[in-house]
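**Q** Structure for this input, please:
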Amino acid sequence: MTHHAVQKHKGRTKKEPVQERDLKWFKKLHRFTLLLSRFHPVGAHHNRKLHYDQYIALQLLYFFNPILTSLRGIQQASRLKKVKDTLNVEGTSMGSLSEAAYVFDASLLEPLIEELADKAVLQEKDPRLKSFLRRLVAVDGTLLPALPRMVWALWVDDTHRAAKLHLEFDILRHTPVQATVTEGNAREGAVLKGMLRDGRLYLLDAGYREYKLFQDILDAGSSFIARLRDNAVWETLRENPLSMEDQKAGVLSDTIVRLGNKQKQDSLQRPVRIIRIFHKGDSLRPRTARVCSKGYRTTEVDYEFLVVTDLLDLSAEMIALLFQYRWQVEIFFRWLKCIL
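**A** From the prediction side, this is the model:
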């Protein structure tokens, strides 16, 4: 019998238990516990030792400390004295942590999340944006891989399932404001319709190009800047002259139109602007795919694209600048998936 035949198979190396010295950010986490105290009575039960506020605090501990990678790590941390004192928790069990995801209602956190988002300090330094009165938000969706047993997460087929995160992102504060999760096949425009509020300027990608949705945004007391397909149809009402600043910003044309063909013009009941913008790409980074499968048919590094807006008084340069900030939500998605 060979040496390889008698050599025992080595399984996964057992991780060392979490120690207090491995964990950080206790001061910041303690400030959160004061905000979370309002959730302590939620779902209270005479036989329950893990309360809602404590469960949230342990989840925050997990996100603040990358060394915690599992429920087992959270459970071990909950038994450390510093964690108990800072988060006001008792040592909990794996069963309690696993059950908590079903016992506690996540929607109860939405008012708190909005409250925290409103308190966020303005981060944007561009003086042209500070005077903007409406809340500037980018809205988009991103797919999150799901397990085959998550039957509700409809996407490609039974073995390829996904959820979709629909997010409203405050551009000036760099914070999420509102979010919902659906199956992967959910229409982004239909979800946004249920999230609309007044006093906002929505920055939208071509996935939200429905003309009726534009009217819904206006009816809700908000405005929009959205990307259009390159084959969009409209009736030109007049051409606006371009200033030197417009041209420097890459604006090629600024047109007041009735959007859509005769069958669709009633969907959007007022004239809008269509602005054609030139994008200068990086010649050292050639594209291997189309710019956007929803809106364009080019693999060129330099290309033109269309945006539509109901804002008739702003300069074309300002419209181009505002739409450029839509990419902040894409950067947030990258951070969410690659870092968090």
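**Q** Assumed Gln76 was part of a helix.
**A** Yes: looking at Gln76 with DSSP: H, G, I helix; E, B strand; the rest coil, it is inside a helix.
**Q** Now do the same contact list for it.
**A** Gln76 sits next to Pro17, Val18 when contact means C-beta atoms under 8 Å, 6 or more residues apart in numbering. (C-beta placed from N, C-alpha, C; glycine too.)
**Q** Quick check: it vs Lys27, distance?
**A** 22 Å (C-beta to C-beta, to the nearest Å).
**Q** and the residue nearest the centre of the chain, what pLDDT?
**A** Nearest to the mean C-alpha position of the chain, by C-alpha atoms, centre = their mean, lies Leu167 at 3.6 Å. Per-residue pLDDT puts Leu167 at 95.
**Q** Checking it next. Helix, strand or coil?
**A** Going by three-state DSSP: Leu167 is strand.
**Q** Which strand runs longest in the chain?
**A** What stands out as the longest strand in the chain, according to DSSP state E, is strand 135-146.
**Q** any idea of the mean pLDDT in the strand or helix carrying Ser98?
**A** Using DSSP states H and E, Ser98 falls within helix 94-103. Mean pLDDT, computed over helix 94-103, is 88.
**Q** In this structure, mark out all the helices, start to finish.
**A** All helices of the chain, identified by DSSP state H, fall at 3-6, 26-36, 52-64, 71-77, 81-87, 94-103, 110-119, 127-130, 188-193, 211-219, 244-248, 316-324, 327-338.
**Q** mind giving me CSV with those helices and columns for distance to Arg276?
**A** Below are the helices of the chain laid out as CSV (distance: least, C-beta to C-beta, whole Å):
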stretch, distance to Arg276
helix 3-6, 68
helix 26-36, 46
helix 52-64, 43
helix 71-77, 52
helix 81-87, 54
helix 94-103, 49
helix 110-119, 34
helix 127-130, 21
helix 188-193, 23
helix 211-219, 18
helix 244-248, 11
helix 316-324, 9
helix 327-338, 19
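**Q** Among those helices, which comes closest to Asp254?
**A** helix 316-324 (4.4 Å; C-beta to C-beta).
**Q** now for that closest one, which elements pack on it?
**A** For helix 316-324, the elements it packs on are helix 127-130, strand 200-204, strand 223-228, helix 244-248, strand 251-259, strand 272-279, strand 303-309, judged by 3 or more C-beta pairs under 8 Å, 6 or more residues apart in numbering; DSSP states H and E.
**Q** which other helices and strands contact the third one?
**A** Taking 3+ C-beta pairs under 8 Å, 6+ apart as contact, the helices and strands that strand 223-228 lies on are strand 200-204, helix 211-219, strand 303-309, helix 316-324.
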